[in-house]
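>>> Just to be clear, the model below is a prediction. Sequence and coordinates:
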Amino acid sequence: LQQPQPKRVHLPGAPFLRDFLDPVDLQRHPQPFHKAIFEWLETIGTDRKRRCRPDCHLSRPDRHFSLPNSEELVSRRLARSAPIMDQTLYEDGFAIPQGPASISAITGVTPNSSRSTERSLVEEPFYRDYNLAVNGIYMQHPCDPLPEDLSKLVDSMRRDRKSPGPSVDEVENNRELQGLLLGAEAFEVEDYFKHHIVPSIEATDQLQWSGREPMAKHTLPPLQSNYKVSNPAPDLLYGYRKLQAFPEERQQTQLISMGPELMATDGSPSLIYPFFTVEFKGDSGNMWVATNQCLGSGTACVHLDERLNEQLKQSGSENVKLIDSAAFSIAMNTGLACLFVSWKHFELDYYTAHVDTFALQQPEHYIKFRKYVLNILDWGKDKRLREIQGSLDTLVENRKKVSAASKSRPAPFDEPDTGCKRYKTSERTQE
């Protein structure tokens, strides 16, 4: 016997509801919020195609789908387009990066809503465009020039070194380095970096490093919105040992008076005034995420140094010389390393710019990368350290002058007793 076929019930609005309930084919029927994203990306896609960007900019999560054409998009009643925005410029012509006007209008996600997956905040596709940008933390476009002073600093990191480095043949035949391309975890990349690129740091050295230790909350600039910023915990963080880097008694006295807010981490003993961070990824790691982490840690280093500059400005000393608060960071995996520099622009904004990219298994790239790293560390324990030491001395001298001036003031004369009773302002006259 043939079984009767069930009758299909046609309800008003069923096609409309089916668009929300059926599995979505992004190539034919994108979800409503995807259309807004697509249209916004199309407005900036033409410009970005003209730019050449390294993988640390392009390997963005959740961006593996292709853009549909206009015939494949859903009806306009199911989607809203992101508005086209004009680019804002500073007074000096420096561009302020912008994204869509509202993430909630596109994705339906509000600043305080929970994420649908267990991934960390820095892995969110729009973390850089929203969480960082609305809080004044930006990634500078690769085609925009660096500020003049910062450009000179970066150029100084390219200088040749007196000590000889590895030869081309040594790099080509380095089985441990070349073997990273066959597959390696993040900790193996880190081990290679610490054992073959950077020198070992002894307990008596001025420099100190910490690994995967969360940076203190006060190292990040105050939030300017309800969107959160991930607390940095770089794989490597370089700064100074308090006693070894600042041995003078007057410097130690000044550091003690400044309290725990100069510490980079909450751990003990904590390094102070960090200037260099490194993030490592293995085969499965994402360099776009590592770059997000560099944006956070680089900004934290700059902000911590800027707190010292603020104290120098408030001291009122005639011989104030602000320190260079720039910081460097690296995102590195088994075959690629991206170098960044971070700095403060005007009063509230922090920028990070891509400096260079290195194919680690290429001898010329590897030798150049090693030179950059060693020069950054030398800058940290030489010129930069001397600037901070001089700033602490300036603050000490200013405190002495203020103290001496207060002691030299004549005491106020005692007023003669006129026989009149004086009442305190808090007393009430009885009627």
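Yep, it's here.

>>> And the next helix or strand past the helix or strand bottoming out on mean pLDDT in the chain?
Of all helical and strand segments in the chain, the minimum by mean pLDDT, DSSP states H and E falls on helix 103-107, at a mean of 41. On the C-terminal side of helix 103-107, the nearest following helix or strand under DSSP states H and E is strand 137-139.

>>> Could you tell me which strands that next one is paired with, and in which direction each runs?
Sheet pairing of strand 137-139 (DSSP bridges) gives strand 349-359 (parallel).

>>> which element follows the strand it pairs with toward the C-terminus?
With DSSP H and E, the next secondary element past strand 349-359 is helix 363-381.

>>> burial of the residue nearest to Leu271 when sequence neighbours are not counted, as a residue count?
The shortest distance from Leu271 to any non-neighbouring residue, by C-beta to C-beta, 6 or more residues apart in numbering, is to Gly239 (3.5 Å). For the C-beta atoms, the positions are set from N, CA and C on the backbone; glycine is no exception. Neighbourhood size, Gly239 [other C-beta atoms under 10 Å]: 26.

>>> Just to check, Gly239 is in contact with Phe275?
Yes: under the criterion of C-beta atoms under 8 Å, Gly239 makes contact with Phe275 at 6.6 Å.

>>> picking that back up, now the residue nearest to Leu271, what are its backbone angles?
The phi/psi pair for Gly239 (degrees, to the nearest 10) reads phi -150, psi -150.

>>> what about Ser317, how many neighbours?
15.

>>> Which neighbouring residues are in contact with it, exactly?
Thr394, Glu397, Asn398 (C-beta atoms under 8 Å, 6 or more residues apart in numbering).

>>> How many residues are close by the closest residue to Tyr350 other than its chain neighbours?
Of all residues not flanking Tyr350 in the chain, Thr299 sits nearest, at 4.4 Å (C-beta to C-beta, 6+ apart). Burial of Thr299 is recorded as 28 neighbouring residues (other C-beta under 10 Å).

>>> What distance do you get for Thr299 to Phe340?
11 Å (C-beta to C-beta, to the nearest Å).

>>> quick one: common contacting residues for the two?
With C-beta under 8 Å, 6+ apart, Thr299 and Phe340 have common neighbours Thr352.

>>> Show the residue spans covered by the strands in the stretch 301-431 of the chain.
Counting by DSSP state E, counting those that start in this stretch, one finds strands in the stretch 301-431 of the chain at the ranges 327-332, 336-345, 349-359.

>>> circling back: quick check: PyMOL command selecting the buried ones in the contacts of Ser317.
Entered in PyMOL, the line below selects the buried ones among the contacts of Ser317, by 16 or more other C-beta atoms under 10 Å:
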select buried, resi 394+398
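
>>> Could you list which of the contacts of Ser317 belong to helices?
Of the positions in those, Thr394, Glu397, Asn398 sit in helices, assigned by DSSP state H.

>>> Between those, which sits nearest Ala233?
Of all the ones in helices among the contacts of Ser317, Ala233 sits closest to Thr394, with 32.8 Å by C-beta to C-beta.

>>> Skip the chain neighbours and tell me the closest residue to that closest one.
Nearest one to Thr394, counting by C-beta to C-beta, 6+ apart, is Ser317 at 5.6 Å.

>>> Report pLDDT for the one you found.
Predicted confidence (pLDDT) for Ser317: 73.

>>> With the one 5 residues further on instead?
Reading off the per-residue confidence, Leu322 sits at a pLDDT of 92.

>>> same check, this time on Pro164
84.

>>> Could you measure from it over to Arg370?
The value you get for Pro164 to Arg370, if C-beta to C-beta is used, is 11 Å.

>>> Same drill for these two, tell me which one is more crowded.
Per other C-beta under 10 Å, whichever of Pro164 and Arg370 has more neighbours is Arg370, with 19 against 6.

>>> so that one touches Ile197, yeah?
Yes: between Arg370 and Ile197 there is a contact at 5.5 Å, judged by C-beta under 8 Å.

>>> Can you give me the domain boundaries for this protein?
The record's domain parsing of the chain by automatic domain parsing lists 17-136, 138-398.

>>> of all those, which gets the most neighbours per residue?
domain 138-398 (a mean of 18; mean count of other C-beta atoms under 10 Å).

>>> mind listing what the residue nearest to Ser230 when sequence neighbours are not counted touches?
Nearest residue to Ser230, sequence neighbours excluded (C-beta to C-beta, 6+ apart): Leu121, at 4.3 Å. Leu121 makes contact with Arg115, Tyr127, Asn131, Lys228, Val229, Ser230, according to C-beta under 8 Å, 6+ apart.
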